[in-house]
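Novice: just the structure for this:
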Amino acid sequence: MYRIFVNDKPIILTTEVSPEHKFKNYLLSSVNIGKVIKELNSTSLEEIRVIGKNQDTLIKKFLKKLPNVIAGGGKVINDKGEVLFIYRNDKWDLPKGKAEGKETIEETALREVEEETGVKGLSIVKPIETTYHIFKRNGKHKIKITYWFEMKTSYDGILSPEENEGITKVVWLNEEERTKALENSYANIKCLIQ
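Specialist: Model (predicted):
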């Protein structure tokens, strides 16, 4: 099963058909993504389920329905066990950004975290979840595929938000502070932190 978020409501990709209750079922082979996005944004539906035949090809087939934007990001943990957060568009988020040129997704994630936060000495511990969300840019819907990595650093220098990217704050948050920040965050980020 995969979740592709439209704002904070998911499109669930699955091979199982369930009786509809606060959600609608659509077939992957004939789904109109524009209609699905509109329904999620303008109704009380909690989710949309898109049903395909083969679990192995669900995400691949769905991703062909809209242009893809590839991004990399980091859940960065310091020596105190705090996690690095950014504040952008009035929401708490994790640093991430689009891939450039021929860089690997790992290089993208490390570069974006450093650019958006000023944190140096980053190293990747392991890949974590890949998240998907649909957004609208210049009147067209696209799917952002973000490859996330758990990272560590011993950096304890100045944090500097990349203001030209709309980031107004960069902070290290302990467990209690993270719980509070997640009340004003995105569904994808809640999945990564919890």
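Novice: scan this structure for its longest strand.
Specialist: For the chain, the strand reaching the highest residue count under DSSP state E is reported as strand 123-137.
Novice: what helices or strands is the following helix or strand past it leaning on?
Specialist: Sequence order places strand 140-152 as the next helix or strand after strand 123-137, per DSSP states H and E. Helices and strands touching strand 140-152, by 3 or more C-beta pairs under 8 Å, 6 or more residues apart in numbering; DSSP states H and E, are helix 33-42, strand 68-77, helix 105-117, strand 123-137. The way it works is simple: take the backbone N, C-alpha and C, and place the C-beta from them, glycine included.
Novice: next, the buried residues of the first one.
Specialist: Counting neighbours by 16 or more other C-beta atoms under 10 Å, one finds that the buried residues in helix 33-42 are 33, 36-37, 39-40.
Novice: show me what the helix or strand just after it is packed up against.
Specialist: Sequence-wise, the next helix or strand downstream of helix 33-42 (DSSP H and E) is strand 47-51. For strand 47-51, the elements it packs on are strand 9-14, strand 23-27, helix 33-42, judged by 3+ C-beta pairs under 8 Å, 6+ apart.
Novice: what about the longest strand of the chain, average pLDDT?
Specialist: Strand 123-137 carries an average pLDDT of 96.
Novice: contact partners of it?
Specialist: 2-6, 11, 33, 37, 59, 66, 74-75, 77, 106, 109-110, 141-153, 186, 188, 191-192 (C-beta atoms under 8 Å, 6 or more residues apart in numbering).
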